[in-house]
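J.: Structure of the sequence below:
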Amino acid sequence: MNCIQRAWRCVVRKPARTILLLLVIVTVSLFFLCGLACRNVNVQTQDITRQAVGAGMRLDINEVNRSKRLVDLSNQIGDGVEGSYGGVHQKKLEGAYGTQWQVWTDNAFDSLKLADIKKIAAVSGIADYNLSTCITPVHPVNFNRIEDPHTDQYNDLGGVSLIGNRKLELDFNVLSGNVTLINGRMIDADDNNVCVISEQLAERNALVIGDTLQLNDYHNADNAQIYEAKIVGIYQSKRFMTPLMAGDTFRSENVIFTDLHFPEKVEGNENDPCFEHAYFSVADVDEYDTVKTAVEALDIAWERYDLIDRNGNMSTMSANFNDLEKISILLIIITFVAGFTILLLIFVFWTKNRNYEIGILLSLGYKKSSILGQLFLEALIIALLSFLIAFAFAPVVSGAAANYLVAEQVEQAEIQKDLNADKVAGNYQSEDQRVIGVNVDITNNMLFFCATNIVILLSVSVGISGISILKKKPRDIFAALS
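T.: Numbering: from 1, shown residues only. Reported below is the predicted structural model:
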C-alpha cells in the first residue's frame, strides 16, 4: 500500500480529527482572503474618495500682506491727505463728532491678479481652474427674495447675494457636494449673463429654467441700471451655506451663482472685477505633490497670496484608509503567525498520538520520508477540501469584513472632521464625504497566494512536528510506549 492510499484511509478513518483540521484550515484561509480583500478594497475606495473630493490648490489673498499693503499705500498718499493710490482711497469727513477719516479699497487692490492666475493655470498637471468673485449684494427688481417674516429688515440691505464663477462645477460648494443641481445645467466659462438659483427662490417666485432675473445696484435701487441674467440651473443644498454676515441679503437661499463677470456689472464696476478665490484642479491626484512644487516655483509675488492645500479633508480620509491598509497587512501577518502556531500544535499532538502506528510502519521497513510524506498528504487532502469551502464563502465573508473595517475608518474620519475643518477654508465650504460603496473582488491571484501560503504552513508544521518522532528508531518508540 503506497503512501497516498494510506493517507486517504487515515483521513476517512478519523473523521473527528479530519473535521478539526478542516475547520482550522478553512478559518485560516478565510482570514487570509479577508486581509487580502481589505487591502485591495482600500486602494479602490481611497481612489474613489480622492477623486470625489478632488485634489487641487486654492489661492486666496494673504490677510497679513493685505494689511501691510494698505498701510504702505496709505502712507504713500500721506498722513492727513485726501487722495487715492494703488487702489487705496482716503477721504476726510466733517461731522458732528469732528473730523474723521474714511479709508477704503477698491477691487483692484483686493482682487487676485488675473496674470498670476493664468500663470498657475498653465502649469503642467493643472487640469482646469476656476475663479470666484467676492460676494456681491445687489437689489432684486422683478422677483422677491426669501425673508424671515419675524425679522426686522430695517438694517438689512434688502437684496440678494451674487457669486460669480468661471466654472460653477469647480466652486467650493459644488466640489464639497453641498450644492447640487436639480434642474438645468452648470455655468461654464463661455457663458454670459446667466445664473443658477436656489430651489427655494425658484419656488417663491414660480421661476423655471429660461426665465430672466432683473437686478441692479442696491445703493441706488430706484435709478441704477438694470441687468438681466437668464436662469440656466436650479440648485439645492444639503445644508444651508454659512452667510457672510447677518441679514437676509446673505442667507443661503438668496445666494445666486452667476457667470464670472455679471456681479461687477450689476455693482457698477464693469471691467473692474474682484476675484476672491481661485481653484486649480490637478489632473492626477497621485501627482499632486509634483504639481504643487511646480506651482510654487513660479515667478509670482507669493507674499501676496495664501496657497491653500485643498487636500485638507482628503488627507483625513486618505490617512484613515491608509490605516485600513495597515490593518489589512496586520491581519495577514497575524493570520500567518497564528495559523502556523495552531497547525504546528495540531500536528505535534497528531504525531504523538500516532507513535504506535509510526513504529509499526518503521518496523515494516517503510522509509521515514514515506511516513512523513503520508502525514503531509493527509494534511494536503484535507486542505484541498478546505479550499473548496473557503473559496466558496470568501466573497461573502471578505465583503462583510471589508464593509465593517471601512465603516470603522469612516467613523474615525468623522470624529477627526472638526479637527481638520480649518484645512479647507471658505465662507461657504461644507464638506460631506461619504463612501458610496465597498467593492470586494476575490481575484485568482488572491486564491493562489492563499493556497500557496497554507501549503507552506502545512509543510513546515508537518516537518517540525515529525522530527521528534522520526529521529527515533522503532525499538525506542515501542520502549517508550511500554
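
J.: pLDDT of the longest strand anywhere in the chain, averaged?
T.: Ranked by residue count, the top strand of the chain under DSSP state E comes out as strand 227-237. Throughout strand 227-237, pLDDT has a mean value of 96.

J.: Give me the distance from it to the chain's centre.
T.: Mean-position distance between strand 227-237 and its chain equals 29 Å (C-alpha atoms, centre = their mean, to the nearest Å).

J.: all strands of the protein, in order?
T.: Remark: strands assigned in the chain by DSSP E are 56-61, 83-85, 88-95, 98-105, 126-133, 136-140, 160-165, 179-184, 194-198, 212-216, 227-237, 255-259, 275-282, 305-309.

J.: Let's have the ones you listed in a markdown table, adding distance to Ile464 and mean neighbour count.
T.: C-beta: built from backbone N, CA, C; applies to glycine. Formatted as a markdown table, the strands of the chain follow (distance: least, C-beta to C-beta, whole Å; neighbours: other C-beta atoms under 10 Å):
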| stretch | distance to Ile464 | mean neighbour count |
| --- | --- | --- |
| strand 56-61 | 56 | 22 |
| strand 83-85 | 87 | 14 |
| strand 88-95 | 83 | 13 |
| strand 98-105 | 80 | 11 |
| strand 126-133 | 57 | 22 |
| strand 136-140 | 78 | 23 |
| strand 160-165 | 69 | 27 |
| strand 179-184 | 61 | 16 |
| strand 194-198 | 71 | 25 |
| strand 212-216 | 81 | 21 |
| strand 227-237 | 65 | 19 |
| strand 255-259 | 71 | 26 |
| strand 275-282 | 53 | 23 |
| strand 305-309 | 53 | 17 |
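
J.: quick one: which of those is nearest Asp441?
T.: Distance to Asp441, taken as C-beta to C-beta, is lowest for strand 275-282 among the strands of the chain, at 27.4 Å.

J.: ok, the closest one: who's next to it in the sheet?
T.: strand 56-61 (antiparallel), strand 126-133 (antiparallel) (DSSP bridges).

J.: angle of the first one against strand 305-309?
T.: Using axes from the mean of the first three to the mean of the last three C-alpha atoms, to 10 degrees, the inter-axis angle of strand 56-61 relative to strand 305-309 is 160 degrees.

J.: now do the longest one
T.: An angle of 130 degrees separates the directions of strand 126-133 and strand 305-309 when computed by the same axes, to 10 degrees.

J.: Report the mean confidence score over strand 126-133.
T.: Average pLDDT, strand 126-133: 94.

J.: likewise stretch 394-403?
T.: For stretch 394-403, the mean pLDDT works out to 80.

J.: got any ranges where the protein has weak pLDDT?
T.: Applying pLDDT under 70 to the chain flags the ranges 1-3, 39-54, 242-244, 310-325, 353, 355-356, 358-366, 368-369, 406-440, 468-482.

J.: hmm, back to that, give me the sheet partners of the longest strand of the chain and which way each runs.
T.: By DSSP bridges, strand 227-237 pairs with strand 179-184 (antiparallel), strand 194-198 (parallel), strand 212-216 (antiparallel).

J.: any chance of these in CSV, with distance to Ala379 too?
T.: Formatted as CSV, those follow (distance: least, C-beta to C-beta, whole Å):
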stretch, distance to Ala379
strand 179-184, 57
strand 194-198, 68
strand 212-216, 78
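
J.: who wins for proximity to Phe340 among those?
T.: strand 179-184 (52.0 Å).

J.: quick one on the thing from earlier: so for Thr18, which of the strands of the chain sits nearest?
T.: Nearest to Thr18, of all the strands of the chain, is strand 275-282, at 57.2 Å by C-beta to C-beta.

J.: what inclination does that closest one have with respect to strand 160-165?
T.: Using the same axes, to 10 degrees: strand 275-282 against strand 160-165 is 40 degrees.

J.: follow-up on the earlier one: can you check which of the strands of the chain gets nearest to Phe391?
T.: With C-beta to C-beta as the criterion, Phe391 lies closest to strand 275-282 of the strands of the chain, at 40.4 Å.

J.: so how far is that closest one from its chain's centroid?
T.: The chain centre lies 19 Å from the centre of strand 275-282; the measure is C-alpha atoms, centre = their mean.

J.: cool, and stretch 121-130?
T.: For stretch 121-130, the separation from the chain centroid amounts to 21 Å (computed by C-alpha atoms, centre = their mean).

J.: Can you name the residues in contact with it?
T.: 117, 120, 165-167, 169-171, 278-284, 287, 290-291, 294-295, 298 (C-beta atoms under 8 Å, 6 or more residues apart in numbering).

J.: Quick one, which of these are buried?
T.: 117, 120, 165-167, 170-171, 278-282, 291, 295 (16 or more other C-beta atoms under 10 Å).

J.: would CSV of those with distance to Asn205 be doable?
T.: Shown next, in CSV, are these (distance: C-beta to C-beta, whole Å):
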residue, distance to Asn205
Ile117, 35
Ile120, 39
Asn165, 22
Arg166, 27
Lys167, 26
Leu170, 28
Asp171, 23
Ala278, 32
Tyr279, 31
Phe280, 36
Ser281, 34
Val282, 39
Val291, 44
Val295, 43
